[in-house]
Every structure is written in structure tokens, then in C-alpha cells.
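Novice: Whatever this is, show me its structure:
(4 chains)
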There are 2 protein chains.
Amino acid sequence: MNVCKDKQLGSCVYCGKRKLSLLEGLSEEDLALLNNDRIIVKFRKGETIYKEYTKPIGLYCLNEGKVKLVKYSDNGNEVIIGLKKPVDFIDLETLLANEKYNHTAIALEDTSVCIITEENFRKVLSENCVFANKLLKNISQSLLDYNEWFVNITQKQIHARIAKTLLKLKEFYGLSDDDFLNVSLKRSDIAALSCITTANVIRTISAFEKENIIECDKKRIKILNHKKLEEISQY
Amino acid sequence: MNVCKDKQLGSCVYCGKRKLSLLEGLSEEDLALLNNDRIIVKFRKGETIYKEYTKPIGLYCLNEGKVKLVKYSDNGNEVIIGLKKPVDFIDLETLLANEKYNHTAIALEDTSVCIITEENFRKVLSENCVFANKLLKNISQSLLDYNEWFVNITQKQIHARIAKTLLKLKEFYGLSDDDFLNVSLKRSDIAALSCITTANVIRTISAFEKENIIECDKKRIKILNHKKLEEISQY
DNA sequence: TTTTAGAACTGATAAAAATCATTTTATTAT
DNA sequence: ATAATAAAATGATTTTTATCAGTTCTAAAA
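Specialist: The predicted structure follows:
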């Protein structure tokens, strides 16, 4: 864990990415407060950012990289309950609910986060009603999206679930220049995301490839027939 | 749908149940505003309170009765994505996200709701930072709970899932005087809640009954061996 | 380059859950 | 009270998915 306490570079106040985040629109004063005692931490691909059952030390803002949030079932099976990209807050709900983490955050690639102190975050939140309302809207939307995902996972069979998962990844992380999904996941990650065994994910992806619905280059995946994939995801 | 526009009886300001709800602690002024143009509506058991794809007309506060929130899979299968009891807000997230309903609300028993206008609700919310923060905490907690439920449903097999569902019902709705679960659901409702077919729910409940883990009297269920049920819910 | 460990892949088999068909039991309406 | 309808119960069967074993491929380390 590489801690870098540089307040000049990449401060919240001057952060170029701020415009994309929920921090957009905050006053200079609020930003300065959030920037106080803020630290920047870097994680290598595969490293754990925080662990289930531990207490948050602050609000994690994901500057660079991608992150998965996972839980483990009683028999040790991994389930991905969330994905993050820049400039998401990683642990917003946990902080707001004032709870310990109920999940573990793991870097999917080399990642840089900044951690705003809980105290400063709460201060801004309790005094800035517009900000609070913005977060309310954001979190409520997450809850509605979760409903959709829940029905997808619980009601569809594996081909449809994996099709949906690929479409979701396209929507969430977008495409690279060469039209491949802009995220590189192991088959086992796709399994943890779609709640299917790894063997079945591999089989299904191979089947999609044979039917020219997708193209695979190692871990990279390109969607060749978006429409067909949507059809499959329907049933 | 029986609309009763009585502002004297059961107004928000004087509502005895207010102390239990998220409205607790609001000023007389805020309560008076919420009470303005508020209507009380009654629904009979089985009636639809609102439907998926429609636009909210206001914040539904459940005064009496119980409600299920359902979605339907592409093949028409019902999934229960939420349960409500007095004095829950039924459609809080939808209103906050400013979206159309992504689910349908159905009365599980004779039910009375009051509907606070969206305008008044937003007014209070945008001016009362303490209230906004309270809602933030509440919704964040829902999201964390949802994670637990998601893993339960996706990772466990049917006996464990139904055991967990019964324990959840006990926790959420509590027990009647005679120790039966204080909610009466059809087997198909339990199926929709635990994402299992009705036939398998019936089989499993029969099995639990034979092992003296629960006792059934028509639709009513009594948990005889809580500990055993927790064991089963584990794996 | 060779070694090694971890992923990806494949087929066979077993287990879990859904589906279907039928009977019995409740509930509701007449 | 009776008929009609809906729900609960049960067994047989099929489908889906998981599990297991083994092979090939890939990427990183020696």
C-alpha cells in the first residue's frame, strides 16, 4: 500500500475529474475542507483496498483504475455485489449508514484512490443540503438499479444471465478504441458477477464465440452482435 | 380505491405513529406543510396500490396493513423485491430518484396509506438538512441489507433459502400473541420472496413441519425450533 | 529458454430444482 | 349449505446447473 500525502498534486479542489463526480458543484470552501487531511493511496492489481468487517477510515474516491466489491458465501464462493470506476465513491453507503464494511473491495487493475476523512465528509454533508439531496438521488437510483439486477440474476438462466452481464459491462465500463470491452476480467470474475460457476461461464462464452456473437482475445472480449446478445439476455 | 380527504383525523401533525417513522423530529412547521393536501387512501387485501411504469403522485406512507413490492420476470414470474409495514414509506427511493415505478405495490392485507404530495415532500427535504441526512442513512442501510439478501438468494439452496426467509419474516413482521408469524402469506408469496417455485416451497415447508421445526395452521406459520432454522439457513 | 503456477477449456457425471400431472384441501361466492 | 374456484400437497419426470477430473494453454519467474 503506497501512501502519498501530496496535497498539491491531485487535490480535490483542483482535481480535473471533479467535474465528473458527485463533488461537482461544491463551493471552494467545502472542497477545501474535504481536501484537508486527505490522503492518496495506490493499489496494485489484485490488492485488497479494504476488508469486510473492518471499520471505514474515510470516504474512498476512486481516481484511477477499476474495483470490484465482493462478498463470500458460507462455502467460500465469491460474489461480486458491485463494480466501480473513476470517479465513483467506493464506500459511500457504508459510511452513510455508519456501519462496518459488509463487503471487501479489491482492485481489478492498478488503482489510485483518495480518502477523504469521515469527519470532513460528515461536516460538509450536514451543512450542505444540496449535496445531501444529490447523494440521496444517487443512492436511490442505485437501489432501483439493484432491483433490476436482482430479477435478472434470480429469474434468468445462464445464457441470458451472461449475455446481460456482458451488456452491463459494456454499458458501465464502455469500449476501448478497438471496440473491446474496456475491462479485463477473469472468467471467474464473470462467474462471480453473474452467479454462475466458472466452468459454465467458460462453456457459455465459448458457445457465444462459436456463434459469432462475441470475439475473445485472451481475457479481452468484443461484442460482435449486440442485438443478438440482447435477444439472448431477454430469455 | 377508497379516498378519504379528512385532514382532522390522522393528520401528520397529530399522527400517533409519527414517532415510529422517519418523520419523527420534524418541526411543527414542516409537519404542517407535509400535511397540506395530503390524502388518505384505503386498499383491500390483494388490491394494487400502484403499478410499475407509472409515475409517482406523492410519497406513500403506510399507516396500516402490509404491502409487497413485486416485479415480474420476462416469463411472467412474480418476484418480491420488498416488504413494507407501518410506518414505512413505500416508494421513497422512486420519488428521490425522480423515476417512474420500477415495481408494483400490492396490499397483503387491508391497508391504509397516506399520500404526501411530491411538492411538499421535496420542499421539506431541500430545506431540512437533518431530515435529508436521516433519509440518507436509512436508504444506505437498505442498500447494505440488500447485499446480504442478494448473497443469500444467489448462493444458498432451497432449504437454506426458505429457512432464511422465515427468519426474515419473523424479524421484520414479528410474532402474534400466539407466537405465529405476524404475517399471512400464500405459499406462492413465499416462493416469490425466496425465488423458488411454489411446488418446492410447499415441499420444503412440509419437510420442516415433519421435522417439528415449524408448525402450520392453514397459512399461518409458527417457528418451533428457531435454532435449527438458523442452522439450516447457514448452509 | 525452461519451469511452474494459474487460467482456460472440455467431457462425464451427479445433484438440484423446475415442470407437469393429479389429488386433496381451503376459501369464496352464490 | 353448496358449488365453484383457488390453493396446497405429492409423485414422477425432465431440465438445468454444479461438480469433478483431466488436459491444454498462458504468463510470469527462475
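
Novice: And the residue of chain A closest to DNA strand C?
Specialist: Distances from chain A to DNA strand C, computed as C-beta to the nearest atom of the strand, single out A:Arg187 as the nearest residue at 3.3 Å. (C-beta placed from N, C-alpha, C; glycine too.)

Novice: Show the pLDDT at that residue.
Specialist: A:Arg187 is assigned 98 on the pLDDT scale.

Novice: show me what contacts it?
Specialist: Residues in contact with A:Arg187, defined by C-beta atoms under 8 Å, 6 or more residues apart in numbering or on different chains, are A:198, A:201-202, A:205.

Novice: A:Ala163 and B:Ser184: what is the separation?
Specialist: Counting by C-beta to C-beta, to the nearest Å, the separation of A:Ala163 from B:Ser184 is 39 Å.

Novice: Tell me which of those two has more neighbours.
Specialist: Neighbour comparison, A:Ala163 and B:Ser184: the larger count goes to A:Ala163, with 25 against 17 (by other C-beta atoms under 10 Å in any protein chain shown).

Novice: for the record, mean pLDDT for the longest helix seen in chain A?
Specialist: Across chain A, the longest stretch assigned as helix under DSSP state H is helix A:129-155. Confidence over helix A:129-155 (mean pLDDT, whole number) is 98.

Novice: And that helix, what's buried?
Specialist: When neighbours are counted by 16 or more other C-beta atoms under 10 Å in any protein chain shown, the buried residues of helix A:129-155 are found to be A:129, A:131-137, A:139-144, A:146-147, A:149-155.

Novice: and if you look at stretch A:111-125?
Specialist: Buried positions in stretch A:111-125, judged by neighbour count with 16+ other C-beta under 10 Å: A:111-117, A:120-121, A:124-125.

Novice: Quick check: helices, which of those residues are part of them?
Specialist: Helix and strand membership here follows DSSP H; of these, those in helices are A:120-121, A:124-125.

Novice: Against chain B, which of those residues make the cut? List them.
Specialist: A:Leu125 (C-beta under 8 Å from any C-beta of the partner chain).

Novice: Redo the ones in helices among the buried residues of stretch A:111-125 as a markdown table? Include pLDDT and distance to DNA strand C.
Specialist: Supplementary listing: these in a markdown table, determined by pLDDT from 0 to 100; distance: C-beta to the nearest atom of the strand, whole Å:
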| residue | pLDDT | distance to DNA strand C |
| --- | --- | --- |
| A:Asn120 | 97 | 37 |
| A:Phe121 | 97 | 35 |
| A:Val124 | 97 | 40 |
| A:Leu125 | 97 | 39 |
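
Novice: For chain B, state which of the ones in helices among the buried residues of stretch A:111-125 is nearest.
Specialist: For those, the residue nearest chain B by C-beta to the nearest C-beta is A:Leu125; the value is 6.4 Å.

Novice: surely the closest one meets B:Lys137?
Specialist: No - contact status for A:Leu125 versus B:Lys137: not in contact, 10.4 Å apart, counting by C-beta atoms under 8 Å.

Novice: OK, contacts around the spatially most central residue of chain A?
Specialist: The residue at the geometric middle of chain A, judged as the C-alpha nearest the mean C-alpha position with C-alpha atoms, centre = their mean, is A:Lys84 (1.5 Å). Taking C-beta under 8 Å, 6+ apart, we find A:Lys84 in contact with A:62, A:66-69, A:90, A:105.

Novice: I'd like to know how far the residue of chain A found nearest DNA strand D sits from A:Arg203.
Specialist: Evaluated by C-beta to the nearest atom of the strand, chain A has A:Gln157 as its residue closest to DNA strand D, separated by 2.8 Å. Applying C-beta to C-beta, the value for A:Gln157 to A:Arg203 is 13 Å.

Novice: Compare those two (neighbour count), which wins?
Specialist: For A:Gln157 versus A:Arg203, neighbours defined as other C-beta under 10 Å are more numerous around A:Arg203 (15 against 9).
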